[in-house]
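# Structure, please.
(chains A and B)
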Protein chains: 2
Amino acid sequence: MDSAAGTNEKVGFNSWCPFLISDSIQKLKEFAQKIRKIGKDDPRRVFHSLKVGLALTLISIFYYVNPLFHGLGTSTMWAVLTVVVVMEYTVGGTLSKGLNRAFATLLAGALGLGAHHLAALAGDKGEPILLGVFVFMLAAMATFSRFVPQIKARYDYGVTIFILTFSLVAVSSYRVEELIKLAHQRLSTVAIGVATCLCTSMFVFPVWAGEDLHMLVAANLDKLACFLEGMGVEYFGEKMESGSLEGKSFLQSYKTVLNSKATEDSLANFARWEPGHGRFGFRHPWNQYLKIGAVTRTCACSIEALNAYISTLQQSHQTTTDLEFKQKVQAACAEMSKETGKALVELATSIREMKWSSTAGKHLAMATEAACRVKALVPAENSTLLEVLVSATTASLLTEVVRCTNPIIAAVEELSRLAEFKWPEHGRKAGAVKPIAGAESPPHVVIVIEK
Amino acid sequence: MDSAAGTNEKVGFNSWCPFLISDSIQKLKEFAQKIRKIGKDDPRRVFHSLKVGLALTLISIFYYVNPLFHGLGTSTMWAVLTVVVVMEYTVGGTLSKGLNRAFATLLAGALGLGAHHLAALAGDKGEPILLGVFVFMLAAMATFSRFVPQIKARYDYGVTIFILTFSLVAVSSYRVEELIKLAHQRLSTVAIGVATCLCTSMFVFPVWAGEDLHMLVAANLDKLACFLEGMGVEYFGEKMESGSLEGKSFLQSYKTVLNSKATEDSLANFARWEPGHGRFGFRHPWNQYLKIGAVTRTCACSIEALNAYISTLQQSHQTTTDLEFKQKVQAACAEMSKETGKALVELATSIREMKWSSTAGKHLAMATEAACRVKALVPAENSTLLEVLVSATTASLLTEVVRCTNPIIAAVEELSRLAEFKWPEHGRKAGAVKPIAGAESPPHVVIVIEK
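Numbers count the residues shown, from 1 in each chain, chains lettered A, B, ... in the order given. Here you go, the predicted structure:
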């Protein structure tokens, strides 16, 4: 270390210079690769960026064309401002912000005019004082309303614009002569801006928050399935003794599911503003997706506990004396793991294709059966209890995962009814839900050894 | 149902009217109570609302006082606008938005002027075309940069303002004669607005994001402790057979911890913008709080698995044949649960008071010891294996919780070093961390029955 530092000190600026250049070229290359990756991961991002450019270029035509500009005057800038702040990635986001902005401007503009007329009654000296009191009171009350969770979730932006417009109209009424004209111009430019955003957002490569939510919920189920199927093959499967699980990608796949609540909430919030599109009607049951998300996260938590237990086990290097018994439990665990994984994949497919299938229930019934089978396993004479217990705990945790999958099936099934998914011809009669409802609480894994 | 509907139909408007009024009075009362509760839960919300009113009233003085107004002209409205959009609940939020707005305005204003001069070279007909191309390109590129996670987290608002200001300056340069004056006025009004917000935010009842994060992380540890201590007394304690846990509040306390990531991330992001205040220096290790948050959530996940297992067990109504053995395991579980709870309370207090104490490590060492004790328990002859297994699984899950507490202690201890908490006199010598590091992986609970 010391000698290296000594060498570095001797290197002068001239020798450093090419190094610095090549270093920054390297960094630029890395940055460019990162940017390219962001675009490649989701090409809709590139389209969105171009759409924002397009909307802004469209709105600036109002400046360039004489007759348009003279109609609106310098108020045109409100249209530009509206486009920049209202344009969101998803249609729902744009609609939510646009409608919030338009209605808040209308309401606050009217109230501002009222405040102006009221304050004018107080005479020249009283007017600014009265206006100040109005602005203070309305701003304080509106700001406080933002702490109400329901308002915060849906109308936060609207309240901001309400405060903004009311203050601007009320305060500038003290200076501006043609207040009505100003209010009218402001309202029409905001309307033009919102309309431009909505058209660009909805008709040019639209990104629907509802569809994103739909896909996200399905993808999260797939991530859990990926872990379970990986476990079924790599840990409980035939390779079970072959080596450590460290570095396997399927062990990490479910982790993002644990923190998906915020994204799901915001997408569902935007989705509610969206008109019917494609496979999604106007009153599509978006709330049900949040319910599926919640039970999916509970299941992810059980998987986290199982994963933590297994990784601790792997570090403790258990030796096996009763291979036959262990293999039987492992085989049952492998089945539980794989079948639950299949059930989840089935559910994800069912959501993605909006087509209910009872296969998920069948897979879960097989997993539950495997859980019951472990219970009945009778270990051979020479088994040590230690092994039995370790296997039982693992199987119990896995059973917990299987149990957590039940509410997921129930939630997706409810969605399939609410959102009117396609059902197979014999689906309704056969009562696809029955086997699941019956298995609501599979017995916990308990191994009874006969004495 | 039918007869009731029939009666309703016969009831005329006159009889309905008083009902409607009393109904809406009832709803209004409920709403008022809700509002009062929001204010009572955190009185800082009321102060914040008054602060926004104050800042707006202060800034509108620029309209009312003649010399001030003539200096800035109609640009004064940018100051009002800035106050409304920049004023956030926390100091960090206001600083982040204010600085983003000020610097983005400066940079984009300069670039906009440059674009104007460049476009002017293209002549009268070429100018709008060239300006359009510039606006399109910059808006698209800036919008795309918002998809880079690092930029999204810290400079999202700045990028919006950059696009806004550049478009406004570049496009209106086509119409406005005194562009430099406009840009100058705009910049100074934005600066005045930001300064007003910062002063109100920092000097009148300031709400520090850093302090909120500090308190939130400690409160989350307390919530986990509340569950564990409740379990220790109500489920594993002496009352163990007395009844179901349904409806106990401590069972729910930890659930909010599972979804705390988004709040923690946003508070930490704001905290980084805040200057040193009170007990927090400028370079306070806010990242460490996120690390503590992450391990706390992992522990909450283990608790969720334990809670799920126990509630399934409670439904299955196990009968006890070997009371003595069961009581021994329960006693050990009670100790694990209570001691881990105490360790977490100790950590929360240690964070809150910024004073490191080795007591948490000692409590956890006792919990780990109890976990080891379960391992050595030898059940009496007549115990059925079923009970042993159920107890073992519960104890394993609890051990998992104990194990999850280790990284929490390590993370808080790192924070105590990074943030220079007070250490007890003998603390550094005694090596408070040792017992914890030694117990990094307590053995999993395994009950060996001698044959």
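
# From now on I want contacts and neighbour counts done on CA atoms only, so please keep to that.
Fine.

# does chain B sit close to the helix or strand containing A:Ser22?
In this assignment (DSSP states H and E), A:Ser22 forms part of helix A:13-41. Yes: residues of helix A:13-41 contacting chain B under Cα under 8 Å from any Cα of the partner chain: A:Ile35, A:Ile38.

# list the buried ones in the very next helix or strand once past that helix?
Note on helix A:13-41: by DSSP H and E, the next helix or strand toward the C-terminus is helix A:44-64. Within helix A:44-64, the residues that count as buried by 16 or more other Cα atoms under 10 Å in any protein chain shown are A:45-64.

# between the longest helix seen in chain A and helix B:385-418, how big is the angle?
As assigned by DSSP state H, the longest helix anywhere in chain A is helix A:385-418. Here helix A:385-418 runs at an angle of 80 degrees relative to helix B:385-418 (axes from the mean of the first three to the mean of the last three Cα atoms, to 10 degrees).

# now helix A:385-418, how far from the chain's geometric center?
Chain-centre distance of helix A:385-418: 24 Å, with Cα atoms, centre = their mean, to the nearest Å.

# now for it, which elements pack on it?
Counting contacts by 3 or more Cα pairs under 8 Å, 6 or more residues apart in numbering or on different chains; DSSP states H and E, helix A:385-418 packs against helix A:286-316, helix A:323-353, helix A:359-376, helix A:434-438, helix B:286-316, helix B:385-418.

# do you know which of the ones you listed lies nearest B:His70?
With Cα to Cα as the measure, helix B:286-316 is the member of these nearest B:His70 (45.1 Å).

# Not including adjacent chain positions, what is the nearest residue to the residue of the stretch 351-451 of chain A found nearest chain B?
In the stretch 351-451 of chain A, the residue that lies nearest chain B is A:Thr393 (5.2 Å; Cα to the nearest Cα). Spatial nearest neighbour of A:Thr393, chain neighbours left out: B:Thr393 (5.2 Å); criterion: Cα to Cα, 6 or more residues apart in numbering or on different chains.

# Now for that neighbour, how many residues are close by?
B:Thr393: 27 surrounding residues under other Cα atoms under 10 Å in any protein chain shown.

# Could you check how far the helix or strand harbouring A:Leu106 is from the centre of its chain?
Element membership for A:Leu106 (DSSP H and E) is helix A:91-120. Its chain's C-alpha centre and that of helix A:91-120 lie 30 Å apart, by Cα atoms, centre = their mean.

# likewise stretch A:52-61?
Chain-centre distance of stretch A:52-61: 29 Å, with Cα atoms, centre = their mean.

# Which parts of chain A belong to which domain?
Listed by the TED database, the domain ranges of chain A are A:25-203, A:209-239+A:246-419.

# Quick one: mean pLDDT over the longest helix of chain A.
The average pLDDT within helix A:385-418 is 73.

# tell me the angle it makes with helix A:359-376.
Put simply, helix A:385-418 runs at 160 degrees to helix A:359-376, going by the same axes, to 10 degrees.

# Can you report how many residues neighbour A:Met215?
Around A:Met215 there are 14 other residues, counting by other Cα under 10 Å.

# same question, A:Glu264
A count of nearby residues for A:Glu264, using other Cα under 10 Å, gives 21.

# Surely it is in contact with A:Leu290?
Yes: in this structure, A:Glu264 is within contact of A:Leu290 by Cα atoms under 8 Å, at 6.8 Å.

# still on that earlier bit, and the helices and strands packed on helix A:385-418 as a markdown table, adding distance to A:Ala209?
Listed next are these as a markdown table, based on distance: least, Cα to Cα, whole Å:
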| stretch | distance to A:Ala209 |
| --- | --- |
| helix A:286-316 | 11 |
| helix A:323-353 | 15 |
| helix A:359-376 | 27 |
| helix A:434-438 | 31 |
| helix B:286-316 | 28 |
| helix B:385-418 | 37 |
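
# Need phi/psi at A:Gly247.
In terms of degrees, to the nearest 10, the main-chain angles of A:Gly247 are phi 80, psi 0.

# could you measure it against A:Thr165, distance?
Separation of A:Gly247 from A:Thr165 (Cα to Cα, to the nearest Å) stands at 56 Å.

# Could you do A:Ala334 as well?
Counting by Cα to Cα, the gap from A:Ala334 to A:Thr165 is 63 Å.

# A:Tyr89 looks like it's in a helix, true?
No: looking at A:Tyr89 with DSSP: H, G, I helix; E, B strand; the rest coil, it is coil, so not inside a helix.

# residues contacting it?
Applying Cα atoms under 8 Å, 6 or more residues apart in numbering or on different chains to A:Tyr89 gives the contacts A:His48, A:Val207.

# Now it: phi and psi?
Torsion angles, degrees, to the nearest 10, at A:Tyr89: phi -60, psi -40.

# ditto for A:Phe280
Torsion angles at A:Phe280 (phi, psi; degrees, to the nearest 10) stand at phi -110, psi 120.

# Tell me how many other residues surround the residue lying closest to A:Leu347 once chain neighbours are set aside.
Distances taken as Cα to Cα, 6+ apart put A:Ala360 closest to A:Leu347, at 6.2 Å, once the chain neighbours are dropped. Per other Cα under 10 Å, the neighbour tally for A:Ala360 reads 27.
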